[in-house]
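Enquirer: A structural model of the following input is requested.
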Amino acid sequence: MKNRLTEMLGIETPVIQGGMIEVSLSGLASAVSNAGGLGTLGQRVDIKLWHDEIKKTKDLTGNPFAVNLGLYLGDVKERIKIILEEGVKIVVTGGGNPSAIIRELQDAGIKTMHVVSTTEQAKKMEDVGIDIVIAEGGESGGIVAKNIISTMVLVPLVADAVSVPVVAAGGIGDARGLIASFALGAQGVQMGTIFEASVESSASPAWKERILKARECDTMVNEAGALHARVIKEEIFPGSVMTGQIAGMVTKVEKVSDIMTRIVDNVDTVMNGINVQLK
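Expert: I've put the predicted structure just below:
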């Protein structure tokens, strides 16, 4: 599959693995990149451990990968220095306004992506020079926007509002979601939960087991504190297991290569199965 997004990022398949805190480490990110998608290193609070994961990922894959850069952290300047030193080519920002750092990253040849939850945010990101926007609906796991907008509504609105490539995220876990995202105006998809439960994920066995058992109605948005996060309901599994509604589609722990192969192989099947007479 080739389109504007794959050419911009240098990847084979327009599938981006979401950067999940402490879960998407070098093993997962490199596996996705090696399978033709774009792996993303999740944020780690410990900057040394985060730096180590960047170096490990470089050793494990020669393909492009992204690094998640949380703008809410107090050591952003130091992290950017590491990103530049390590030759990272793609950065995904979130948790703040990246306008102050975009030029520095792009001057170093780095492609930039930013997660948005409204058309207004998407327009602002295009104005400050972001290369790609990730339109993330409220079905997604982990940190979500306070005003939840579904992916089905958000993606076409964002695609109409900006000229930069749009990536759809939230509630996507297979070839059907990929094709649907194309129809909504996106150039590709970002998926988290399906990879969260993969063999290469750093999530614990108990965490993965909870995802396998969860149905689509078994998550909730925890509004405690400043951040809103979609997690598995505590009456089902005590603790904060961040995962998306797509958990209802995850039935087994698989290797990343098998997940990616199934998505790519099923694209034609999905397209051929669209039985609509236009006239």
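
Enquirer: Check the secondary structure at Ala186 for me.
Expert: coil (DSSP: H, G, I helix; E, B strand; the rest coil).

Enquirer: Against Glu120, how distant is it?
Expert: Taking Cβ to Cβ, to the nearest Å as the measure, Ala186 falls 18 Å from Glu120. In short, each C-beta sits where N, CA and C put it, glycine included.

Enquirer: More neighbours: which of the two?
Expert: More crowded of Ala186 and Glu120, by other Cβ atoms under 10 Å: Ala186, with 28 against 11.

Enquirer: ok, the more buried one to Ala135 distance?
Expert: With Cβ to Cβ as the criterion, Ala186 and Ala135 are 7 Å apart.

Enquirer: go on, Arg210?
Expert: From Arg210 to Ala135 the distance is 27 Å (Cβ to Cβ).

Enquirer: Can you pick out the residue with more neighbours from the two?
Expert: With neighbours defined as other Cβ under 10 Å, Arg210 and Ala135 compare such that Ala135 has more, 32 against 21.

Enquirer: Could you check the pLDDT of that one?
Expert: Note for Ala135: predicted pLDDT of 97.

Enquirer: The closest residue to it other than its chain neighbours in helix, strand or coil?
Expert: Nearest residue to Ala135, sequence neighbours excluded (Cβ to Cβ, 6 or more residues apart in numbering): Val158, at 4.2 Å. Here Val158 is recorded as helix under three-state DSSP.

Enquirer: who are the neighbours in contact with Val158?
Expert: Contacts for Val158 (Cβ atoms under 8 Å, 6 or more residues apart in numbering) come out as Val116, Thr119, Ala122, Val133, Ala135, Val166, Gly185.

Enquirer: so the first one sits right up against Lys123, yeah?
Expert: No - when contacts are counted by Cβ atoms under 8 Å, Val116 is not listed as touching Lys123 (9.0 Å).

Enquirer: More neighbours: these two, which one.
Expert: Applying other Cβ under 10 Å to Val116 and Lys123 shows that Val116 carries more neighbours, namely 25 against 15.

Enquirer: tell me the contacts of that one?
Expert: Ala122, Met125, Val133, Ile134, Ala135, Glu136, Val158.

Enquirer: Backbone dihedrals for it, please?
Expert: Backbone torsions of Val116, given as degrees, to the nearest 10, read phi -130, psi 160.

Enquirer: Over to Ile132?
Expert: Main-chain dihedrals, Ile132, degrees, to the nearest 10: phi -140, psi 140.

Enquirer: which one is it nearest to, not counting chain neighbours?
Expert: Nearest one to Ile132, counting by Cβ to Cβ, 6+ apart, is Met113 at 4.3 Å.

Enquirer: Which SSE is immediately downstream of the helix or strand where that neighbour lies?
Expert: Using DSSP states H and E, Met113 maps to strand 111-116. On the C-terminal side of strand 111-116, the closest following helix or strand by DSSP H and E is helix 119-128.

Enquirer: Could you name the helices and strands sitting against that following helix?
Expert: Packing partners of helix 119-128 (3 or more Cβ pairs under 8 Å, 6 or more residues apart in numbering; DSSP states H and E): strand 111-116, strand 132-136, helix 151-161.

Enquirer: any idea how far that helix is from the chain center?
Expert: Centroid separation for helix 119-128 versus its chain: 19 Å, with Cα atoms, centre = their mean, to the nearest Å.
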